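K.L.:
predicted model, plus sequence, below.
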Amino acid sequence: MNLDNRSNFAVKFLNPDKIISELEILPGMKVAHFGCGTGFFTFSVAKKVGGDGLVYAIDIQPSKIEAIQSQLKTLDLNNIDAFRANLEEKVTKIKNESVDWVFIINMLYQNKKKQEVLAEAQRTLRVGGKILLIDWEDKDQSLGPDMNLRVSQDELMSILDNNDLSVWKKINVSNFHFGLILKK
C-alpha cells in the first residue's frame with residue numbers, strides 16, 4: 001500500500017469542537033441539548049456561548065445528568081443547567097421560544113415518538129432559531145444502531161413538515177451520520 005494514498009481511506013467521526021465552530025453560535029446565546037448523554041457536545045457548546053450564555057443539558061437517564069453534574073464540579077463552567085426530562089412527553093422546564101439553538105444529536109433514532117421530540121424543540125426555539133440535527137445514516141454501516149432503528153430521510157421530512165420546520169442547510173459531519181440545520 002502506498003502511504004501517500006492514506007487520505008483516500010480516511011474515516012471521519014463526529015468532532016464536537018469542529019462542528020460547533022462552524023455554526024453561528026455566539027456568546028450569550030441559549031442552547032438546549034436534547035439527549036445530552038454525558039455531554040459529548042454539551043461542554044463544547046457551553047464554552048462557545050460563554051459565561052453570559054446558557055446550555056440546557058437534558059436527558060431521560062438520571063445517570064447521564066449525574067455524570068454531567070459531576071464533571072461540572074471539575075470544570076470552570078457555570079452556564080450548564082442539567083436536568084432529567086422525557087422529551088417524548090414534552091415536559092421540559094424550558095420556556096416557549098426562549099432558545100437560539102436546539103441540539104438533537106444521535107438521539108432521534110432512539111425515540112418512538114420522534115414527532116413529539118421535534119415538537120418540543122420547535123416549542124422552545126425562538127423565531128429564527130435553529131436546530132442542529134445529527135443522526136445515523138439510514139444505509140448499512142459497520143457502526144451504529146440496527147438499521148430498523150435509524151431514521152429515514154423520507155420519515156424525517158414528513159415529521160419536519162408536521163412541525164413547521166424546514167431544512168436550512170445540510171452539513172457534512174461524519175462518514176456515518178447525516179447533519180442538518182433546521183430553521184423555525
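P.N.:
Perfect, thanks for sending it. Fair warning: this is a prediction, and the values are worked out from it, not measured in the lab.
K.L.:
surely V102 is within a strand?
P.N.:
Yes: membership of V102 in a strand is supported by DSSP: H, G, I helix; E, B strand; the rest coil.
K.L.:
can you give me the neighbour number for it?
P.N.:
Residues lying near V102 (other C-beta atoms under 10 Å) number 28. The way it works is simple: take the backbone N, C-alpha and C, and place the C-beta from them, glycine included.
K.L.:
share the number of residues neighbouring Y109, please.
P.N.:
16.
K.L.:
that one touches D135, doesn't it?
P.N.:
Yes: with contact defined as C-beta atoms under 8 Å, Y109 reaches D135; the gap is 5.5 Å.
K.L.:
what touches both of the two?
P.N.:
The overlap between the contact sets of Y109 and D135 (C-beta atoms under 8 Å, 6 or more residues apart in numbering) consists of R150, V151.
K.L.:
so which elements touch the longest strand that the chain contains?
P.N.:
Counting by DSSP state E, the longest strand found in the chain is strand 125-136. Packing contacts for strand 125-136, counted by 3 or more C-beta pairs under 8 Å, 6 or more residues apart in numbering; DSSP states H and E, involve strand 99-105, strand 177-183.
K.L.:
out of the ones you listed, deepest packed?
P.N.:
Each of the helices and strands packed on strand 125-136 was scored by mean neighbour count; the highest is strand 99-105, a mean of 25, by mean count of other C-beta atoms under 10 Å.
K.L.:
rounded mean pLDDT for stretch 116-134, please.
P.N.:
The pLDDT scores in stretch 116-134 average 93.
K.L.:
buried stuff in that stretch?
P.N.:
116-125, 129-134 (16 or more other C-beta atoms under 10 Å).
K.L.:
next secondary structure element downstream of the lowest-mean-pLDDT helix or strand in the chain?
P.N.:
Within the chain, no helix or strand scores below helix 153-162, which has a mean of 79 by mean pLDDT, DSSP states H and E. Once the chain leaves helix 153-162, the next helix or strand it forms, by DSSP states H and E, is strand 166-171.
K.L.:
and that next one, what does it pack onto?
P.N.:
Using 3+ C-beta pairs under 8 Å, 6+ apart: strand 166-171 touches helix 153-162, strand 177-183.
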